[in-house]
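> from the sequence below, what's the structure:
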Amino acid sequence: MKTTKPMMYKLIALAAAGALLISTLVSQYDLPVERTASAQTTTNLADNPPEISSMTASPLSTPTSQGNAQLVVKFVAGTALGSQVTARIDDRDVLLRDDGQGGDALAGDGKYSGIINLNFQELANNQSRIDSLNNPNTLTFDGTEAAMTSSTIDSESTTVSDDPYAEPEVEPTPAPTTTTDGSFASFDGSTATTDKSGGGSSTTVDVTAFSKRAQVGLKRYQKINYAGVKPGQVVPLYRIGTSNSIDPEKSLVIRDLSVVQDASRTFNPCTNTGTPMGKWTFGYLMTQLANQTQTGIDPREFTRQWLNKWLAPPTVNGFTPTVRQRMQTLIIDPWQAASGGPGQPLDLSKAPFRLLSIVNRIDLRRNNGFGGRDAGEGRFVFSAIDRRNGGCGTLQFTVIFEYGIDRQGNAVRDWARQWYDLSSMSFGPQFNAALEAITEQFARAGAAPSKPNGSALNQLRTNEIAIANASPDDDWQLREFRLFADGAPDAGQLRMVTVKLTPDTSRMAADTTARFINHKTQLILQERHTVPEIWEGLNFLGGFSDVVNPTNAFPPPNNFWRDGPTVHITNREARHKFSINTCNACHATETATAFTHVKPAPFNTVAGLSGFMTGIDVVDPADGTPTRHFNEFERRALDLDQLVNLPSVFQMSHQRVPMTH
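Numbering: from 1, shown residues only. Model prediction:
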């Protein structure tokens with residue numbers, strides 16, 4: 001039928017209106033839009049890496065210029081990808097294809113194939129290393145003691161095949177995001193048990209299983225004769241590792257007094273001992289942040305302006321904290337007196353802050369296997385000191401300097417190895433020299449020339465109640481500060497900003513937040529969500545975060561995100577994952593924490609840690625079930641071990657936890 005011009009114009013108008021409506025809905029309600037890459041499109045996944053369900057490899061009969069092994073990758077069911085995916089392996093781009101070309105067996109079967117260099121002997125050595133660390137009295141598998149004759153290569157009784165594109169006969173189960181009962185499935189298809197004993201045997205390797213932060217038991221793997229695999233045979237690539245290679249007190253959260261009170265790098269303003277402005281002092285770090293040579297900003301004024309933000313609080317996203325006048329009497333005035341009296345600039349060498357720990361957060365890195373450029377963070381944790389009347393009391397006030405580490409590809413593993421190697425060293429001068437060589441890479445001025453002030457700082461966070469007012473402003477309060485180079489009057493200064501992933505405390509137990517969680521359930525379950533400044537027309541993302549503690553109970557009750565008065569959060573695991581990724585719930589009820597994960601402590605006393613760090617069972621505060629086990633030392637140690645000791649192809653499988661904590 002012939003279409004008239006008026007009718008054609010109407011159709012065009014209707015189509016345009018429909019497109020506008022869809023665009024408006026997506027913009028207003030952040031509705032997901034699936035975009036499928038064309039058959040010839042190479043998808044860039046650096047900012048949103050897909051989750052992997054399985055990886056297998058097979059040696060080539062004749063290595064090529066691209067490598068010696070065929071890699072086959074399957075992604076979690078439902079992942080929308082094109083026919084080609086680019087991965088970054090061993091500092092080169094590797095094209096993974098599902099288009100039936102270039103060695104790919106069958107187009108559209110969900111199996112992405114590529115050629116890589118893979119050292120199978122390295123895999124064998126790593127398996128034996130893990131086994132010997134986990135079971136020092138058990139014979140390790142070296143290819144001769146338990147030859148690969150049974151065809152059993154994983155805990156699901158899968159088989160070895162001569163087909164270079166074959167994979168285990170049992171289809172791997174995609175990793176669930178709502179697991180609460182211990183039946184967690186890893187990317188390689190193995191299943192964790194809630195049994196936390198074991199350690200493997202002469203034929204198996206046990207690896208602690210985590211669902212992001214929660215420990216869910218053990219994953220048990222049959223050992224593979226990687227050293228004996230022949231061309232054409234297909235073997236699974238398991239992400240195995242052990243925390244037993246890591247001393248968390250040396251490679252993760254370093255609190256030993258020989259470090260945090262090193263006289264050549266720290267200073268005690270109470271006794272005037274140590275090195276003023278040493279490399280690990282508060283004053284040195286603030287001086288490096290200001291970077292006066294580049295910015296012209298006096299670090300003493302830089303520090304004073306930061307402290308003044310408690311006396312004249314800025315409004316952030318519509319929220320303004322109450323003036324906390326005790327900042328003046330408890331921190332500034334004693335510091336001023338020690339600096340020569342009123343009117344004198346602050347003497348940064350006499351800063352009333354004590355170093356509690358130096359922290360490795362490489363676990364916060366982006367997925368470098370898909371081109372991400374980020375190796376997590378390095379951190380310094382300080383607590384404030386009460387210097388009134390010449391005293392030296394401990395204040396419940398922590399300051400955390402959190403620096404971004406700019407690395408990519410194999411440089412991420414090299415960075416990890418620097419921290420890893422500390423575990424094998426004894427505390428003392430050699431250890432401290434090695435640690436300083438690490439910290440100066442991110443703490444010194446000019447460490448990140450492209451960032452504001454040339455500083456590698458991502459953010460500076462505070463957590464305090466020491467300067468709180470009387471009720472109703474007697475809550476623990478968390479704040480976040482960042483540097484900007486945007487031409488504003490406070491450019492180059494520490495600007496107070498929103499607390500990420502955390503709505504304002506007034507939105508806790510509110511219908512608007514419950515609706516947000518219900519709307520964002522899938523992203524929250526994957527822990528890939530963000531919290532917008534505005535939601536349902538309301539200021540939503542907090543300008544600061546309060547931990548309400550009217551009863552002084554430890555941990556404080558009711559500081560977790562939950563149902564509103566009339567709106568129920570449908571997915572209870574989404575409720576938990578949203579809550580634990582907020583500042584206030586993570587520092588309170590959701591992790592059974594009494595406000596700080598690294599505890600303020602006086603000089604000559606090692607700072608304590610929360611159970612969340614060292615291992616604790618926590619009953620779900622909203623529903624009374626399940627009971628979750630948290631152990632950051634175990635999780636971070638396992639991640640560091642895997643990063644250092646597994647081939648770089650495994651960086652594709654890394655899924656970081658959110659950067660908030």
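
> where exactly do the strands run in the stretch 301-450 of the chain?
353-361, 377-386, 393-404 (DSSP state E, counting those that start in this stretch).

> reformat these as JSON lines; add distance to D620.
Every residue, glycine included, has its C-beta placed from N, CA and C. As requested, those are exported to JSON lines (distance: least, C-beta to C-beta, whole Å):
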{"stretch": "strand 353-361", "distance to D620": "26"}
{"stretch": "strand 377-386", "distance to D620": "29"}
{"stretch": "strand 393-404", "distance to D620": "27"}
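
> can you redo those as TSV with mean neighbour count and mean pLDDT?
Shown next, in TSV, are those (neighbours: other C-beta atoms under 10 Å; pLDDT from 0 to 100):
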stretch	mean neighbour count	mean pLDDT
strand 353-361	24	98
strand 377-386	24	98
strand 393-404	22	98
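
> can you tell me how far the most centrally placed residue in the chain is from I524?
Closest to where the C-alpha atoms of the chain average out (C-alpha atoms, centre = their mean) is L364, at 2.7 Å. Counting by C-beta to C-beta, to the nearest Å, the separation of L364 from I524 is 18 Å.

> nearest to G217, out of the strands of the stretch 301-450 of the chain?
strand 353-361 (24.9 Å; C-beta to C-beta).

> what is that closest one packed up against?
Strand 353-361 is packed against strand 253-254, helix 257-260, strand 377-386, strand 393-404, helix 632-645, with contacts defined by 3 or more C-beta pairs under 8 Å, 6 or more residues apart in numbering; DSSP states H and E.

> among those, which comes closest to N244?
helix 632-645 (8.2 Å).

> ok, and what's touching the closest one?
Under the contact criterion C-beta atoms under 8 Å, 6 or more residues apart in numbering, helix 632-645 has outside partners 126, 129, 207-208, 210, 213, 215, 239-243, 245-246, 248, 251-253, 360-363, 412-413, 416-417, 419-420, 597, 612-615, 650-651, 654.

> can you check stretch 58-73 too?
In this structure, residues lying in contact with stretch 58-73 by C-beta under 8 Å, 6+ apart are 52, 54-57, 85, 87, 94, 96, 103, 111-118, 120, 164-165, 167, 229-235, 237, 649, 652.

> for ChimeraX, what selects the buried ones among those?
Selection of the buried residues among the contacts of stretch 58-73 in ChimeraX, burial being defined by 16 or more other C-beta atoms under 10 Å:
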select :52,54,55,56,57,85,87,94,96,111,112,113,114,115,116,117,118,120,164,165,167,229,232,233,234,235,237,649,652
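
> and stretch 445-461, end to end?
The straight-line separation of the ends of stretch 445-461 (C-alpha to C-alpha, to the nearest Å) is 19 Å.

> now find how far off-centre that stretch is within its chain.
What separates the centre of stretch 445-461 from the centre of its chain is 19 Å, taken as C-alpha atoms, centre = their mean, to the nearest Å.

> report the buried residues of that stretch.
For stretch 445-461, by 16+ other C-beta under 10 Å, it's 445, 447-448, 451-461.

> how about low-confidence regions in the stretch 551-661 of the chain?
For the stretch 551-661 of the chain, applying pLDDT under 70 flags the ranges 551-553, 661.
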